[in-house]
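A.B. asks: Would you be able to build a 3D model of this:
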Amino acid sequence: MNTIETKDLTKRYRELIAVDSLNLSIKKGEIFGLLGPNGAGKTTSLMMLSTLLKPTSGTAIINGFDLLKEPSKVRASIGMVFQDPSSDEILTAYENLKLHALLYNIPVKVIDKKIENVLGLVDLQKRKNDLVKTFSGGMRRRMEIARGLLHEPGIFFLDEPTIGLDPQTREHIWEYIKSLAKNTGMTIILTTHYMEEADRLCDRVAIIDEGKIVALDSPDNLKHGLGGDIVLLKGANLAVEDIKKLHFVKAVEEQGAFLQLSIEESGKHLQELLKVAGEIEFVQAHSPDLNDVFLHYTGREIREEEGSSMDRLRAISRAKNK
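C.D. replies: Numbers count the residues shown, from 1 in each chain. Prediction:
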């Protein structure tokens, strides 16, 4: 059963096409990742699916509700954690959660029990009466995850859930996300530009570049689709034509000053490759990762320097008002 179906979902700002004919089918209980660099369209896609931006064209069915005709029903059936902090830091965790519960018309008699449950899920019961401004970045993110879960949504949207967090906190957030999908059957859609995050969490990922999906599959299938191990070579006058003739070389691409090869069993064939390659200044071999997949489909690496979602909204607003 699919909880999200999009049909040619598009967002345009005059000459700028932020999202170009997005077509997705996402299953119930799936952790689905939108992977791409800053400006690729992943956050814009998330904001359309969550009714925060109206599509220029196309539509979607979210939890059985029409995105354009039934936006209030869509909003009631989803939860969302924004990349930028959105909780009130002069309120306590409990007060933030109670305000959210009242906005979602959760019956007053069960609010406290639900708050205890979600705070337990993210291990913040002992801090429920502390002001949010006293929380670390990771604690605040966990509290906002708890808030998004309070009304028991069928779909949970996470925009860059671990950006700016330390490695230990990031690992904890990953465990929360995986347990949510496993224990509740909730569909989780997340945006990220961290390769390891997408690889560890997602059942499937869609790689988005310049508003279009350029690849969509499980992380393992995407990596296996490259056809072998990745070898990077750098040197003067590399014998490219001789390299291409080697039977174990499946693909050859120029990447700036480097030559990137996809080869079968690099451990077995690397010495033979180096004999014919010419004068080598640098060589590196590794199993393919999602960054290699992105590089293969787009010709450039995922950039780590992501702007915040507010930065992107300001850029979109400027483009819209030009």
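
A.B. asks: how far away is the closest residue to T92 other than its chain neighbours from I115?
C.D. replies: Nearest residue to T92, sequence neighbours excluded (C-beta to C-beta, 6 or more residues apart in numbering): N129, at 5.2 Å. In short, each C-beta sits where N, CA and C put it, glycine included. According to C-beta to C-beta, to the nearest Å, N129 and I115 sit 11 Å apart.

A.B. asks: measure stretch 99-110 end to end?
C.D. replies: In stretch 99-110, first residue to last residue: 14 Å (C-alpha to C-alpha, to the nearest Å).

A.B. asks: all numbers from here: first residue = 19
C.D. replies: All right, first residue 19 from here; so that's stretch 117-128.

A.B. asks: Helices of the stretch 119-268 of the chain, residue ranges please.
C.D. replies: Here the stretch 119-268 of the chain has its helices, by DSSP state H, counting those that start in this stretch, at 126-139, 155-167, 185-202, 213-219, 237-242, 258-263.

A.B. asks: Now the first one: average pLDDT?
C.D. replies: Per-residue confidence for helix 126-139 averages out to 92 on the pLDDT scale.

A.B. asks: Could you verify my assumption that L149 touches S105?
C.D. replies: No. L149 lies out of contact with S105 (C-beta atoms under 8 Å); the separation is 10.6 Å.

A.B. asks: Tell me who's in contact with the residue nearest to L42 when sequence neighbours are not counted.
C.D. replies: Leaving out its chain neighbours, the residue that sits closest to L42 by C-beta to C-beta, 6+ apart is T24, at 4.7 Å. Counting by C-beta atoms under 8 Å, 6 or more residues apart in numbering, T24 makes contact with 40-42, 67, 76-78.

A.B. asks: hey, what's T24 bridged with?
C.D. replies: Note on T24: beta-bridge partners by DSSP bridges are A78.

A.B. asks: buried residues in stretch 245-255?
C.D. replies: Across stretch 245-255, burial judged by 16 or more other C-beta atoms under 10 Å covers 246-251, 253.

A.B. asks: Compute the first-to-last residue distance for it.
C.D. replies: Stretch 245-255 stretches 26 Å from its first residue to its last (C-alpha to C-alpha).

A.B. asks: L277 belongs to a strand?
C.D. replies: Yes. Under DSSP: H, G, I helix; E, B strand; the rest coil, L277 sits within a strand.

A.B. asks: Report how many residues lie close to it.
C.D. replies: Applying other C-beta atoms under 10 Å, we find 18 residues neighbouring L277.

A.B. asks: now K116
C.D. replies: 19.

A.B. asks: What strand or helix carries it?
C.D. replies: Using DSSP states H and E, K116 falls within helix 111-121.

A.B. asks: what does K293 give?
C.D. replies: Going by DSSP H and E, K293 is in helix 284-295.

A.B. asks: how far out from the middle of the chain is the helix or strand just after that helix?
C.D. replies: Remark: after helix 284-295, the chain's next helix or strand is strand 300-304, criterion DSSP H and E. Chain-centre distance of strand 300-304: 28 Å, with C-alpha atoms, centre = their mean, to the nearest Å.

A.B. asks: quick one: buried residues of the next helix or strand after strand 300-304?
C.D. replies: Once the chain leaves strand 300-304, the next helix or strand it forms, by DSSP H and E, is helix 308-316. Buried residues in helix 308-316, counting neighbours by 16+ other C-beta under 10 Å, are found at 308, 310-316.

A.B. asks: Check stretch 40-52 too.
C.D. replies: Quick answer for stretch 40-52 (16+ other C-beta under 10 Å): 40, 42, 44, 48-52.

A.B. asks: just stretch 182-198 next, same as before
C.D. replies: Neighbour counts using 16+ other C-beta under 10 Å place 183, 187-188, 190-192, 194-195, 198 of stretch 182-198 among the buried residues.

A.B. asks: any chance of the residues you listed in CSV, plus pLDDT and distance to Y112?
C.D. replies: Output for those, formatted as CSV (pLDDT from 0 to 100; distance: C-beta to C-beta, whole Å):
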residue, pLDDT, distance to Y112
L183, 79, 23
T187, 81, 22
R188, 84, 26
H190, 82, 21
I191, 84, 21
W192, 89, 26
Y194, 84, 19
I195, 88, 23
L198, 84, 21
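
A.B. asks: Show the model's pLDDT score for the nearest residue to L308 once chain neighbours are set aside.
C.D. replies: Leaving aside its sequence neighbours, L308 sits nearest to M213 (C-beta to C-beta, 6+ apart; 4.4 Å). pLDDT, M213: 85.

A.B. asks: sorry, back to before: which residues are in contact with both of N147 and I133?
C.D. replies: Joint contacts of N147 and I133 (C-beta under 8 Å, 6+ apart) are Y112.

A.B. asks: higher neighbour count, the two?
C.D. replies: Just comparing N147 and I133: by other C-beta under 10 Å the higher neighbour count belongs to I133, 23 against 9.

A.B. asks: and the more buried one, what does it touch?
C.D. replies: 112, 115-116, 119, 146, 168.
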